[in-house]
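S.K.: Using only what follows, build the 3D model:
(chains A and B)
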Amino acid sequence: MTDHAAIAPSEARTLRSYVYDPKIRGIFFQVLTLVIVVGIGWSIFDNTVANLARSGTASGYQFLKGRAGFDIGASLIDYSSDSTYGRAILVGFLNTILVAFFGIITATTIGFIIGIGRLSKNWLIAKLCTVYVEVFRNIPVLLIIFFWYKGVLSSLPQVRDSLKLPLGMVLNNRGLAFPRPVWGDTAWVIPLALLIAIVATFIVARWAKQRQMRTGQQFHTIWTAIGLIVGLPVLTFLAVGAPLTFDFPIAGRFNLSGGSVIAPEFVALYLALSFYTASFIAETIRAGIRAVAKGQSEAAAALGLQPATTTRLVVVPQAMRVIIPPLTSQYLNLTKNSSLGIAVGFPELVATGGTTMNQTGQAIEVVSIWLVVYLSISITTSLFMNWFNAKMALVER
Amino acid sequence: MNTKNLAYVRPEMIAPAPAPLSTRSASGWIRINLLATPKDAALTILAVALLVWILPGMINWLFVQAAWFGTDRSFCTTAVQGGIKPNGWSGACWAFVGDRFQQFMFGRYPIDERWRPMLVAILFIALLVPVLMPKLPRKGLNALLLFVGLPIVSFFLLHGGVFGLQKVETPLWGGLMVTLILSFVGIAVSLPVGILLALGRRSTMPVIRVICVTFIEVIRGVPLITVLFMANVMLPLFLPTGWTIDNFLRALVGVAIFASAYMAEVVRGGLQAIPKGQFEGADSLGLSYWQKIRLIIMPQALKLVIPGIVNTFIGLFKDTSLVSIIGMFDLLGIVQLNFTDTTWISPVTPITGLIFAGFIFWLFCFGMSRYSAFMERHLDTNLKR
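M.R.: Got it, this is the predicted structure:
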């Protein structure tokens, strides 16, 4: 007989038992990973310092205070080539926000129409919407930007042959020029009136809902709202004596003077981003609406709700829950894709940053600014959408 | 029941009557699908008007008026612009695409050596088609040859410098060839790396989880163009003094890193959809972590997210066009380069070139999405309740 004592569990742990202990293994692998990552990080840092020292580049963000020396075509704030690099990057950031804002609005509008159209019982409409989605989803957005910029907008006439549009607008290859409104001294009361109208609308809506809950009587808030939001500012505008004049654009032989101009770079980027993202939004909307069980709308019909009311009160709120998370990521994609403005020379964040990088050689600093800005946009949007999503989420047992 | 007391019972079935004419005739179809309600009728009229407005002009421009043959810009320009077409003419300049087709495919790859990318393309198709057909056997060997064997063989074939092949530097590579190489490598790298990152993100080890989450979220939070700039400008700074890294390789690294982060999120979606019982069942069978992942979890998780994976592939394929911004000549880059070529400069050249490039991209992406739909149906085991 052999000794059984070795088989019986013993209090003293052998080396073997340590090797197979999942906890100890876990710690071992984590320490190993950490050592590798820190090692790589250290060697990258070491090499970078050596490379920068060799090329004589000073690190740090001092360069942001230097004179930029390059011009920017479109700017929302005062900028000249004497401004600092920091201001140039700020101009780029504001342009990114601008194109993202208008792009999101247009893409959502087109996306909703196309998405609902694909679900239409009308065969022709459904097929047309399908074609739209399948065409734009499968082409690179950069190609669509070039299509608008090089293919369509560059074939517009020269300044001296400008197309005259109604309302004093002028269209040529420098862009779309339109009359710039010049507001008088008393104009500040108009936004104030708008604000009052919006607040009043909220109060009326609240009162209408409470009354409906109490008495069952409905009150059509929508007409009151339109009346308030449109009517009050217009009345104020007329009451303070219409303090508004226009600065009309005049097309000369080679240049435009007066008015405000929307540059073709902006239009190309804005249209391409809108059309491209709309095809993805359309798919999101379609998936969201199809996720609402058929029984829901049937039950609503059985309760005697009108089709329009069914859509507004039953289908849309439930579909929104499915739609919002992917819609958020589409909005973020659009914002990130706006960086492709660099390809057509629209001065957004990556373009102005890129010029700064080429002039100063501060690659790491500029890339770090890009990272921080885009990550902040992503995180802010995600946080807002998570809050919105939590508000909309189905409260289950 | 006793049938004898009944006055009449039909002993045989009535032959099924054909559907009413209103539902099976062409006019019936039109009434149901196009003119069901007044609103539908209005929409149909609107859509038809739109088609009549756009389609004839488009067909005319693309095919009827188009210049199909020619050797230089005079075939695609009007008399005023110095060409042979009548004034006021406008149409697609397919002659330009035909003349530059080889360049669009291979870039500035030496003409005498173009059999090499052709051979790679043939090998690629010969290995890809059997992988895509579910019925054919030996998938493992096939995939190994495609994803490991082919890249090695292709590298030596395309780059040369060995076996008496002339060396062709990467700046000469271009056209569709570069687009395909970038996306193929991106796909081949991003799937395994993405799976590892997704597993790392779901890991119970905090250090590994934090590293994976940071990597994924940072890369996903920024646009691809900044990642490419990073790879282009910062990678040389990160390497020891004296090391150089090829421009093409920099773009490859950028694209692969970017695609991996997106793939990781897709795979994570699949992992989260696997019920806990599957993990516990594998554990109770005594499988090790990697056996559990390889045999139980991944086959189910990946199957669930096939649409997501293919969407990432399509996105990657489209995104490779961005390398034209950092000065490489992929399909879009080489088409753009030709716009400034004096031999073909004309008002219609850019739009024709872009339509051609767009059609090529569309063909690949649409093909991928159709194949994904086919695979989804094929792999559907009807386990859904």
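S.K.: Which of the three states applies to the nearest residue to A:Leu165 once chain neighbours are set aside?
M.R.: Of all residues not flanking A:Leu165 in the chain, A:Leu171 sits nearest, at 5.8 Å (C-beta to C-beta, 6 or more residues apart in numbering or on different chains). All C-beta spots, glycine's among them, are computed from the backbone N, C-alpha and C. On the three-state scheme (DSSP: H, G, I helix; E, B strand; the rest coil), A:Leu171 is labelled strand.
S.K.: How about the one 10 residues further on?
M.R.: Recorded secondary structure, A:Pro181: strand (three-state DSSP).
S.K.: Please tell me how far it sits from A:Ala242.
M.R.: For A:Pro181, the distance to A:Ala242 (C-beta to C-beta, to the nearest Å) stands at 12 Å.
S.K.: can you check A:Gly117 too?
M.R.: A:Gly117 is 41 Å from A:Ala242, by C-beta to C-beta.
S.K.: Compare neighbour counts for the two and give me the winner.
M.R.: The neighbour count for A:Gly117 versus A:Ala242, taken as other C-beta atoms under 10 Å in any protein chain shown, is higher for A:Gly117 (22 against 11).
S.K.: was I right about that one contacting A:Leu128?
M.R.: Yes - if you go by C-beta atoms under 8 Å, A:Gly117 and A:Leu128 touch, sitting 7.2 Å apart.
S.K.: contacting residues for the residue nearest to A:Leu165?
M.R.: By C-beta atoms under 8 Å, 6 or more residues apart in numbering or on different chains, A:Leu171 lies in contact with A:156-157, A:162-163, A:165, A:177.
S.K.: most surrounded residue in these?
M.R.: That'd be A:Ala177 among the contacts of A:Leu171, by other C-beta under 10 Å, with 25 neighbours.
S.K.: Contact partners for it?
M.R.: A:169-171, A:249, A:251, A:256, A:259-262.
S.K.: among those, which two are most distant?
M.R.: By the measure C-beta to C-beta, A:Ala251 and A:Ile262 form the most distant pair in these, at 14.8 Å.
S.K.: These two - which one has more neighbours?
M.R.: More neighbours surround A:Ala251 than the other of A:Ala251 and A:Ile262, with 23 against 16 (other C-beta under 10 Å).
S.K.: Need the pLDDT of B:Leu304.
M.R.: At B:Leu304, the model reports a pLDDT of 84.
S.K.: Next up, the contacts around it.
M.R.: B:Leu304 makes contacts with B:269-270, B:273-274, as judged by C-beta under 8 Å, 6+ apart.
S.K.: Backbone dihedrals for A:Ala177, both of them.
M.R.: Main-chain dihedrals, A:Ala177, degrees, to the nearest 10: phi -100, psi 140.
S.K.: and it, what pLDDT?
M.R.: We have a pLDDT of 78 for A:Ala177.
S.K.: and if you look at the one 5 residues further on?
M.R.: Confidence per residue is given as pLDDT, and for A:Val182 that number is 78.
S.K.: surely it meets A:Pro243?
M.R.: No - using C-beta under 8 Å, A:Val182 makes no contact with A:Pro243, being 9.2 Å away.
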